[in-house]
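Enquirer: The following block contains a protein sequence and its predicted model.
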Amino acid sequence: MSSGTLNLLIGLAMGLNLLALGSSRLPSLIRAVSLQGMVLGAMPLLMESKLDWRVGLVALATVVGKGVVIPTLLRRAMRAANIERELEPFIGFVPSLLLGAGGTIAAVALAQALPLLPEHAGSLLVPGAIASVLTGFILLIGRAKAISQVCGYLILENGIYLFGLLLIHATPLLVESGILLDLTVGVFVIGIIVDRIQRAFDSLDTRKLTTLRE
Amino acid sequence: MTLILDFILRLGLWLLLAPLLPGVINKVKAWVAGRRGPPVLQLYYDLARLWRKGVVLSTLASPGFIVGPAVAWVALMGAAMLVPLGTAGAALSFRGDVLLLIYLLALARFCTAWAAMETGSAFEGMGAAREVSYAVLAEAAIVAAVLSLSVQTGSVSLATMLSPSAGAGAVLLAAGLFTVLLAENCRVPFDDPNTHLELTMIHEVMVLDHSGPPLAVILHGASVKLLLFSVFLTEAVLPMGDLTPSGAAGALAAGVLTVTVSVGLVESLLARFAFRRVPLLLTTAFLLCLFALLVAWKGGVV
């Protein structure tokens, strides 16, 4: 297991977290999320000492699913809803960037204090997972547009996936592929919902969903 | 005696080489745009021309109008004397000189802003306000970069600090410091050195009412600052402690040239950012330096 390369990839994923927090344009947000999904998808290949075809299959499915299928669905929803950028989020871009950076640093500091297995102590897996989960939460809470929130959800899931990599030898591959399928279906459904929201409210601003009407 | 000779040689080197950089940037810009462009030595001609001209003083201006640029120039030259050149070391070096460097840069900025406000024009006051409000964010990034270098090498002296190890931290630091370089020297994504449109100028507004020798001093000081940041960036990123003196000098020159050409390319290929987007970019630079600090801090453990 080449832990240096792995740490570099996780560092890249952490950087993409911040890119997602700082980008106001939805296409760049989607690009950051898809790139992060691809980076994470390639990781199981690096962690295995000898290549198993099932691991390769899951890695391929993850890269294709998170890197191609889900972003395509999101882009289609974005085009259908005819929106390009997040205009006024609840938490501004600079504050959310600072929050995300603070969260990342806290995650690194926290992971040092956690009682991890010796073989995981030197890896960035745990800090990367915590940082991604925090970033996902910030996006979910702080953005007003439904598509940005979906991206937040995807980053949150990426964080959980990173945690899952710790148990890669214990989790059955069926569970992994099931999660991936759930995710794709979830985004597919959200794409339809986004379209419905757009038709019903003439906007994707989720703040408007709080006002009831007949 | 050799000490004094060495000092004078360095001073002359900084004085004479600095105006070359804006010329190179303009040449790169002209080349990308397919023009012939001004000669590389244009700034030397400009400085000579300005030096011979008279000064127009505002009736409101106090002596600070002249003193400000002079103090700023001296501060920048002093800062330049602190920066080591390759393996040759700096003219002045002591423990904690990096703090003096940061403060000298801040002093230079303060004096430029002060001289700008001496004209009594609201317009220049606006430029000064913009300059210092960006500087707050840029300085945070510089402090983070200096901290990361200091943590990495366990030293607070520039001579030993600027010998980094290559790695992820160096990449982060390079990106962060390059952004800071662009912001500090009023280059394109932050400020357009060529613009004379009232609403978009930052640095150019501040020096709008200066003329003759004070303007020459300001222009020369700006080029020294650009050279200083390029040298700092090159030395903070390139590990050249093991090179021979001539090899280190060559690496330094190549690094500075690369930085200058990249500034020119950025300037040609990128549009200026809207004002409200600038804090985001500067925060990004700060975070890049902060993460370099994190890598330096945890790099030994992780």
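Expert: Arrived safely, thanks for sending.
Enquirer: Local confidence estimate at residue B:161?
Expert: Looking at residue B:161, its pLDDT reads 81.
Enquirer: contacting residues for the most centrally placed residue in chain A?
Expert: Residue closest to the mean C-alpha point of chain A, counted by Cα atoms, centre = their mean, is residue A:155 at 1.6 Å. By Cβ atoms under 8 Å, 6 or more residues apart in numbering or on different chains, the contact set of residue A:155 is A:17, A:20, A:33, A:36, A:132, A:135-136, A:139. (Glycine included, C-beta is placed from N, CA and C.)
Enquirer: Emit the ChimeraX select command for whichever of those residues are buried.
Expert: Buried residues within the contacts of residue A:155, by 16 or more other Cβ atoms under 10 Å in any protein chain shown, are selected in ChimeraX with:
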select /A:17,20,33,36,132,135,136,139
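Enquirer: of the contacts of residue A:155, closest to residue A:191?
Expert: Using Cβ to Cβ, residue A:33 comes nearest to residue A:191 of the contacts of residue A:155, at 14.2 Å.
Enquirer: Can you verify residue B:40 is assigned to a strand?
Expert: No. Judged by DSSP: H, G, I helix; E, B strand; the rest coil, residue B:40 forms no part of a strand; its state is coil.
Enquirer: ok, residue A:29 touching residue A:151?
Expert: Yes. Residue A:29 lies in contact with residue A:151 (Cβ atoms under 8 Å); the separation is 5.2 Å.
Enquirer: Please work out how many residues are found near residue B:113.
Expert: Number of residues near residue B:113 (other Cβ atoms under 10 Å in any protein chain shown) recorded here: 22.
Enquirer: ok so, going back, isn't there a strand covering the residue nearest to the centre of chain A?
Expert: No. Applying three-state DSSP, one finds residue A:155 to be helix, outside a strand.
Enquirer: Mind pulling up the pLDDT for it?
Expert: Residue A:155 is given a pLDDT of 92.
Enquirer: measure it to residue B:66 for me?
Expert: The gap separating residue A:155 from residue B:66 is 56 Å, by Cβ to Cβ, to the nearest Å.
Enquirer: ok, back up a step: could you pick out which of the contacts of residue A:155 are located in helices?
Expert: Among the contacts of residue A:155, DSSP state H puts A:17, A:20, A:33, A:36, A:132, A:135-136, A:139 in helices.
Enquirer: now for those, which pair is the farthest apart?
Expert: Within those, A:36 and A:139 form the most distant pair, 12.1 Å apart (Cβ to Cβ).
Enquirer: okay, and the common contacts of those two?
Expert: Common contacts of residue A:36 and residue A:139 (Cβ under 8 Å, 6+ apart): A:20, A:155.
Enquirer: OK, contacts around residue 131?
Expert: Here I'm looking at chain A. Residue A:131 touches A:14, A:17, A:100, A:103-104, A:107-108, A:159, counting by Cβ under 8 Å, 6+ apart.
Enquirer: my question was about chain B
Expert: The contact partners of residue B:131, by Cβ under 8 Å, 6+ apart, come to B:109, B:112-113, B:202-203, B:206.
Enquirer: out of everything not next to it in sequence, what's closest to residue B:214?
Expert: Spatial nearest neighbour of residue B:214, chain neighbours left out: residue B:69 (4.6 Å); criterion: Cβ to Cβ, 6 or more residues apart in numbering or on different chains.
Enquirer: Enumerate the residues of chain A near chain B.
Expert: With the criterion set to Cβ under 8 Å from any Cβ of the partner chain, chain A comes near chain B through A:7-8, A:11, A:15, A:18, A:22, A:93-94, A:97-98, A:101, A:104-105, A:108, A:112, A:122-124.
Enquirer: distance of residue B:31 from chain A?
Expert: 30 Å (Cβ to the nearest Cβ, to the nearest Å).
Enquirer: Now that residue: which helix or strand?
Expert: helix B:20-33 (DSSP states H and E).
Enquirer: counting contacts, what elements does the following helix or strand past that helix pack onto?
Expert: Sequence order places helix B:42-52 as the next helix or strand after helix B:20-33, per DSSP H and E. Here helix B:42-52 touches helix B:20-33, helix B:212-237, going by 3 or more Cβ pairs under 8 Å, 6 or more residues apart in numbering or on different chains; DSSP states H and E.
Enquirer: Go through those and name the closest to residue B:194.
Expert: Among the helices and strands packed on helix B:42-52, helix B:20-33 comes nearest to residue B:194, with 9.0 Å by Cβ to Cβ.
Enquirer: Report the inter-axis angle for that closest one versus helix B:42-52.
Expert: The directions of helix B:20-33 and helix B:42-52 differ by 130 degrees, with axes from the mean of the first three to the mean of the last three Cα atoms, to 10 degrees as the criterion.
Enquirer: And the average pLDDT for helix B:20-33 is what?
Expert: 92.
Enquirer: tell me the angle of that helix relative to helix B:212-237?
Expert: Here the directions of helix B:20-33 and helix B:212-237 differ by 80 degrees (the same axes, to 10 degrees).
Enquirer: Ok, which of the helices and strands packed on helix B:42-52 comes nearest residue B:119?
Expert: Smallest distance to residue B:119 across the helices and strands packed on helix B:42-52 (Cβ to Cβ): 11.3 Å, for helix B:212-237.
Enquirer: need the contact list for residue A:32.
Expert: By Cβ under 8 Å, 6+ apart, residue A:32 lies in contact with A:16, A:19-20, A:23, A:151.
Enquirer: same thing with residue A:170?
Expert: With contacts defined as Cβ under 8 Å, 6+ apart, residue A:170 has no neighbours.
Enquirer: Please read off the pLDDT at it from the model.
Expert: Reported pLDDT for residue A:170: 70.
Enquirer: where does chain A have its least confident helix or strand?
Expert: Of all regular secondary-structure elements in chain A, judged by mean pLDDT, DSSP states H and E, the least confident is helix A:118-121 with a mean of 73.
Enquirer: so where is chain A shaky, pLDDT-wise?
Expert: Residues of chain A that meet the criterion pLDDT under 70 lie in A:1-2, A:49, A:84-87, A:171-172, A:204, A:211-214.
Enquirer: cool, and the stretch 201-302 of chain B?
Expert: Ranges of the stretch 201-302 of chain B meeting pLDDT under 70: B:241, B:299-302.
Enquirer: Chain A contacts on that one?
Expert: So the stretch 201-302 of chain B meets chain A at B:279-280, B:283-284, B:287, B:290-291, B:294, B:298, B:301-302 (Cβ under 8 Å from any Cβ).
Enquirer: State the phi and psi torsions of residue A:25.
Expert: In terms of degrees, to the nearest 10, the main-chain angles of residue A:25 are phi -90, psi 130.
Enquirer: If you count neighbours, what's buried in whichever strand or helix holds residue B:66?
Expert: In this structure, residue B:66 is located in helix B:64-82 according to DSSP H and E. By neighbour count with 16+ other Cβ under 10 Å, helix B:64-82 contains the buried residues B:65-66, B:68-82.
Enquirer: Also stretch A:5-20?
Expert: A:6-7, A:9-20.
Enquirer: same check, this time on stretch A:136-151
Expert: For stretch A:136-151, burial by neighbour count (16+ other Cβ under 10 Å) applies to A:136-140, A:142-151.
Enquirer: same check, this time on stretch B:253-265
Expert: Buried-residue list, stretch B:253-265, by 16+ other Cβ under 10 Å: B:255-256, B:259-260, B:262-264.
Enquirer: Check those against chain A and report the nearest one.
Expert: residue B:262 (20.3 Å; Cβ to the nearest Cβ).
Enquirer: Now do the helices in the chain.
Expert: In the absence of a named chain, this looks at chain A. Assigned by DSSP H, the helices in chain A fall at A:3-22, A:26-47, A:53-64, A:70-81, A:93-113, A:118-121, A:125-142, A:146-166, A:173-201.
Enquirer: that answer is for a different chain, and I need it for chain B
Expert: Using DSSP H, helices in chain B cover B:2-17, B:20-33, B:42-52, B:64-82, B:97-118, B:122-153, B:158-161, B:168-184, B:203-206, B:212-237, B:245-269, B:278-298.
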